[in-house]
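>>> Sequence and predicted structure, then a few things I'm wondering about:
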Amino acid sequence: MKAPGNRKERWGFGPAFFFVIASVYANTAPAVEMFGRFEAQLVSEPEPIKTTLSDWGSEFDSGRRQWAVSQAEVGFRERGIEISVFTRALADLRMNSEAVSFYGQIARKEPLNEGERIPVALRVNGFSGSGIRSGYRHSQESWTISGGISVFKTRHLMSGTLDGEFVAAAENDYDFSADVDYVYYRDVIFDRPDVEKASGIGWAFDIAASWQPMKKLNLNFRAEDLFSRIRWKDAPFTQAQANTDNKSFDDEGYAVFAPTISGTEGYRDTFYQDLDPRFYGTAQWQEGAWLAVVHGQYQFGYGLYGAGFGRTLAGEARILASYWPELESLRLELTRGKWQAMVSADEVTWSSVRAISLGLSYNY
Amino acid sequence: MKNAVVTAYELDDSGERLDTPVGTTTTDNEGQYRIELNDNYEGGLVEIEITVNSETRMVCDASACGTKGSDVTLPGDFKLNAIGKASAPGSAVSVPVTAWSTMAAKRAKTLVAGGKSVADAARQAKAEVSQVAGFDIENTVARDVNDLTGASAAEAQAAVMNAAVAELVFSGGENVAATLDSFSDALNDGSINSEDTFTAASLSSAVKTVVETTDGLDDETQESLNNQTAQFDAAGDNLAPSYDEELDLDEGATQADKVAAFQSFVSQFRSWAGSIDETAAALQDETSAVSVALDADAETVSDVFAQAGVTGDLVSKVLDAFSQQLAGTEGRAALLDALENGTPFTAPLNWTDEEDPTVTGTMDAELVFEDTESGLKATATGSVSQIGGETREFDLVIGTSLSQSDLDLTYDAEKVLSLLAQNNVSVSGTVGDGTGFDRAALDLVANLELSESIAGEVTADAVLEKFSAITLNGSVALANPEAASFDGEISVKAVNMTGSSFSALDEPFSPESFALAGDFTATSGRTFNLSTSLNSSSAQRFNLFTYLDYNDTTAAFDFEVDRAEVSQFVEYDETAQDFWFDIYSYGSCYDFDSGTEVFGERVANSGWYDSELGFYDYNCNVLDSAENDAVDQLILGKLETAVGATVAGQSSIQNVWVSGSSASDLAEVNADITFPDLETAENFVNLSFNIAAGVSLADMPKATAVVTLTRSTLNGGSVLANVSWDGGSYSLKVSTDELNAENPEVSLAFWNPQGFRLEAVGSETASGVQSLTGNVFVNGEDIGDVELRNGVPVITYPNGEETVFETLF
């Protein structure tokens, strides 16, 4: 039930009200354009996504990155001014590849190389949020440039590090020591009970540009989460040390991963979470009905590229197919009028998929 | 102590009293006091001294000071001390002042003289004495052992331990004050050893004496006292409490200090548990040094007692032979003649085992009686051999306090009790193996306890009527030529049954306790100490032998009935003068008409002499269902009379054999009965088992472990383990009231003598959801919680705005 001064309730109601007004306004003012988009990407280098969701780490073999990004946005544009509301989520997990391989070995109880020392460096960053973006788009004949600022309320904080070392003591035995320092909405490592979730306010800048220097050449560029930061209040944290000084072994004589842990839990009055910027670029060359396209993407410290070709179809429709070598994924894009849809995956069967993307936009 | 003078002195930094007392008062009728400190008090530790005046009386807790519970006067130089804390002038002090606190006060002053601060010394002394006494001597109220109504387990234990000191002090001679001084000086050097006026063994004995004569001790207190006395028994000549400086916390310790200290304690617990884990794993590896050593120890124990069994078996052949010679009126006459003329009894030359006639042997033995000033004495000397087996030579003296004029003896199994009616029978001597090697040396005393003394002539009936318990105590040394040996003490007690529901099945004696303690020497020369004891607190209501013989098993149940009750099921010529019959299970009769065998659950065979025909005639008939039911009812009716309706109603009849003949009006019935579980929630074998051992295993510090297993409910009980290891002392207790419950709850406690304690309760629902909750304490202060996270026990310690946590394992 709403109560006066309940900022949370008012904040949640605002964007919806805003959207309704914008819709009405759009109907009465033809210069107003609606736009919207939905994007989601899941990538898991070390193991299939399905395994990560059910039994994280059990099939780790190689690789070092896992991330999930999603965004849904809807807004309107009038005389270049853009106002939209959005909801987004992000999770970024980075590990060193040696630790990934070793963890997979012990998860599958494979023989170890005695004496081998494996450093462990794990970083995690994530949140979810919803808010408002305000921007401006300026278009000329051959180029368009836009920029905007987003302000959003955040939940589901996850940020921190785990640094340590595995040492293979024998084929079936290993030692582990690590330091953990992280903040969270839920203590997924140590299962701390009754955690009061943190709330935060974030901001981010974005710019985008498109340019057609020649009739056949189209260039697009987008940068998101520039100079972005989230300020969290009363963030639950844990700092802990783990070691396997006291060990146990299972029925097969393999060391059981159950380190002894000690540490401190509490709440940080203020915690700042920085978001890495993400960059996207596309170059497209059209020759008659055919298209050649090159994509570039940089996010979470990872550069990806894709290349492919496409063809325009009847009714202003266009289809593009591109291959992304790092993700071993095939992407298909279909554009018709102001609508654009995209799907990509590296495998056909869900149980094997390690990279998958979905996207849908209108007038974006 | 009632109306005793209580004086408080402040101590300076060197542990010396300041001249002016800071408070005085008098103890009340309950022996309690409360001193309010006056303005002379400056904030240091306070020493309380209790002294005696003409009004002072002490409640007698000991058998040696007079009638238990009555008031006794004390000598003028009798005093007790304690060191306690206070906060400011006007504050009150009422720390318990006992022999234990006196011991702690003296120990503290010795530590101060060695360079410790008064506060540190007081803490260490209190922890050490609390470890010896088994309770917190500073914070446990001193209760009267004669009235433990409403006492907690700790208070009850404290009362028993105080009474045990009274036993030692008041039986130590006329100068009670001097004896008390000797007692309280014992721990000044940090251990109770052979240089002190009492030993761990005498303390153990005193505690056991008090426990036997104290009412109102609950299971928890009994278990704790059992474990404490087992620790004393295992300590041997050196009872040395441990103290960990790392865990020392002074009065100004902050929550952070306490948390850090408890984390250190938990780390020790993990190491301890990890070592046990490693040892258990090593024990599973038959080739490991640990396993080899333990196997050798177990083999030593087994071998020593196997040889003792052979010795006992052979010697008992001789004693049985002499018993037969002394039986009946002829035996009595022979005994009187022997006493008058010194004529020895000579054993027969050959013997045959009663149970296995193929086992035979020879004996050459003599029994000489002598009437001495202290009573009748019998000396048995000679040798006994088994053909194809071992030989034993013996020289045993059996002493009694009976006089010749008391003799009215006929030595059968029950009436041997009359030999014990005047209290003691001693058996001492040696048994060798014929090569000059002594296999056994005995010095035992058997004692018959009567519920009240027998007025008038001592007869067998009089003894049986008054009999309440029989005990056997003493020392035993066993050895075999390969150099494995045992040297220790044995103690056995059996009691008379009262209120048993299995009276027809019960043996005459119900075992109440058994204890064995001593040193084993293995063939390798390695020596280890082992003590074990078994106590049944329900012995008077539930016979352990009955339970072992009949519980959930098939056993024979035999009785006689009027022949007519069973002959009605047999088809034979009832007019015949000479006949026989039997009825048995699962047989068959040949049907001449059909030419086939007819099988039946029960079949009756009979034979009789037909005078008309002039020869024997025979018949076979199969009992019908009504007749079978009637036989069952006959047997179950007898069973109900023997063991009660509940047990009989749950029992089932297996095989039956009935036999009768014209020679007797009675028929014999032999039935195999499958008995049910004899125990109920209200009536079960309530056992406590102790085992204590010095454990010295490869790659591990030496440890002394005392484990007490107590079964306190039908499906529940506890395990209490105390381990002294690597300079520390740790206690662990796991208990549950009902293992078979739908959601059994298990309680866990782990603590040390310095006030560090973890308590937790765990359970699991039918769907497999586990829970664990608990608390951790330092000196009684709750400093943290125990909870389950991801199935792992975790301790959390609030520390300001943050929480420190750690996994238990």
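Noted; the coordinates are in hand.
>>> So what touches the host helix or strand of B:Ser205?
Using DSSP states H and E, B:Ser205 sits within helix B:200-212. For helix B:200-212, contacts defined as CB atoms under 8 Å, 6 or more residues apart in numbering or on different chains pick out B:61, B:63, B:145, B:160-161, B:163-165, B:167-168, B:192, B:217, B:222, B:225, B:228-229, B:232-233, B:235-239. All C-beta atoms are positioned from the backbone trio N, CA, C, and that covers glycine.
>>> Can you point out the buried residues in it?
B:Ala200, B:Ala201, B:Ser202, B:Leu203, B:Ser204, B:Ser205, B:Ala206, B:Val207, B:Lys208, B:Thr209, B:Val210, B:Val211 (16 or more other CB atoms under 10 Å in any protein chain shown).
>>> Tell me the one among these nearest to B:Ile48.
Ranked by distance to B:Ile48 (CB to CB), the buried residues of helix B:200-212 are led by B:Leu203 at 24.2 Å.
>>> how does chain B divide into domains?
By the record's domain assignment, chain B is partitioned as B:5-217, B:290-482, B:554-674, B:710-807 (automatic domain parsing).
>>> what distance separates the last one from the middle of the whole chain?
The one in question is domain B:710-807. Between the centre of domain B:710-807 and the centre of its chain there are 27 Å (CA atoms, centre = their mean, to the nearest Å).
>>> thinking again about what came up before, mind putting the buried residues of helix B:200-212 in CSV, pLDDT included?
Output for those, formatted as CSV (pLDDT from 0 to 100):
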residue, pLDDT
B:Ala200, 87
B:Ala201, 83
B:Ser202, 87
B:Leu203, 91
B:Ser204, 88
B:Ser205, 86
B:Ala206, 90
B:Val207, 91
B:Lys208, 86
B:Thr209, 85
B:Val210, 89
B:Val211, 88
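>>> of those, closest to chain A?
B:Ala200 (33.5 Å; CB to the nearest CB).
>>> hang on, the earlier thing: list, out of the contacts of helix B:200-212, those positioned next to chain A.
Applying CB under 8 Å from any CB of the partner chain to these, one finds that nothing falls near chain A.
>>> Can you say which of the residues you listed are buried?
For the contacts of helix B:200-212, buried by 16+ other CB under 10 Å: B:61, B:63, B:145, B:160-161, B:163-165, B:167-168, B:192, B:217, B:222, B:225, B:228-229, B:232-233, B:235-236, B:239.
>>> Quick check: closest non-adjacent residue to B:Asn81.
Using CB to CB, 6 or more residues apart in numbering or on different chains and skipping residues adjacent in sequence, the residue nearest B:Asn81 is B:Ala105, 4.2 Å away.
>>> got it, and A:Arg37?
A:Arg37 sits nearest to A:Ser361 (CB to CB, 6+ apart), 3.8 Å away.
>>> Identify the residues contacting the one you found.
Per CB under 8 Å, 6+ apart, neighbours of A:Ser361: A:Phe35, A:Gly36, A:Arg37, A:Phe38, A:Glu39, A:Trp339, A:Gln340.
>>> can you check B:Asn81 too?
Neighbour list for B:Asn81: B:Glu47, B:Ile48, B:Glu49, B:Ile50, B:Val97, B:Ser101, B:Thr102, B:Ala105, B:Lys106, B:Ser184 [criterion: CB under 8 Å, 6+ apart].
>>> that's a helix at the residue nearest to A:Arg37, yeah?
No - counting by DSSP: H, G, I helix; E, B strand; the rest coil, one finds A:Ser361 to be strand, located in no helix.
>>> hey, what's it bridged with?
A:Ser361 forms beta bridges with A:Arg37, A:Gln340, as assigned by DSSP bridges.
>>> Let me see the confidence value for it.
pLDDT recorded at A:Ser361 is 95.
>>> likewise B:Asp406?
The predicted local confidence for B:Asp406 is 61.
>>> Contact residues of the stretch 201-350 of chain A facing chain B?
A:240, A:245-249, A:258, A:260-267.
>>> which residues touch the strand or helix carrying B:Ser735?
Per DSSP H and E: B:Ser735 is located in strand B:728-736. If you take CB under 8 Å, 6+ apart as the criterion, strand B:728-736 is touched by B:131, B:241-242, B:244, B:268-269, B:272, B:716-723, B:744-753.
>>> Relative to it, what are the paired strands and their orientations?
Sheet pairing here is set by DSSP bridges, and for strand B:728-736 it gives strand B:716-725 (antiparallel), strand B:745-751 (antiparallel).
>>> which parts of it are buried?
The neighbour-count check on strand B:728-736 (16+ other CB under 10 Å) flags B:Gly728, B:Ser729, B:Tyr730, B:Ser731, B:Leu732, B:Lys733, B:Ser735, B:Thr736 as buried.
>>> what do you get for stretch B:484-499?
B:484-486, B:488-497.
>>> cool, and stretch A:253-272?
In terms of neighbour count (16+ other CB under 10 Å), stretch A:253-272 has its buried residues at A:Tyr254, A:Ala255, A:Ala258, A:Pro259, A:Thr260, A:Ile261, A:Ser262, A:Gly263, A:Glu265, A:Gly266, A:Tyr267, A:Phe271.
>>> for the stretch 401-550 of chain B, what are the low-confidence residue spans?
Within the stretch 401-550 of chain B, the ranges that satisfy pLDDT under 70 run B:403-423, B:452-465, B:483, B:498-508.
>>> How about the stretch 1-150 of chain A?
A:1-30.
>>> Would you map the helices across chain A?
For chain A, the helices defined by DSSP state H cover A:7-28, A:49-55, A:97-107.
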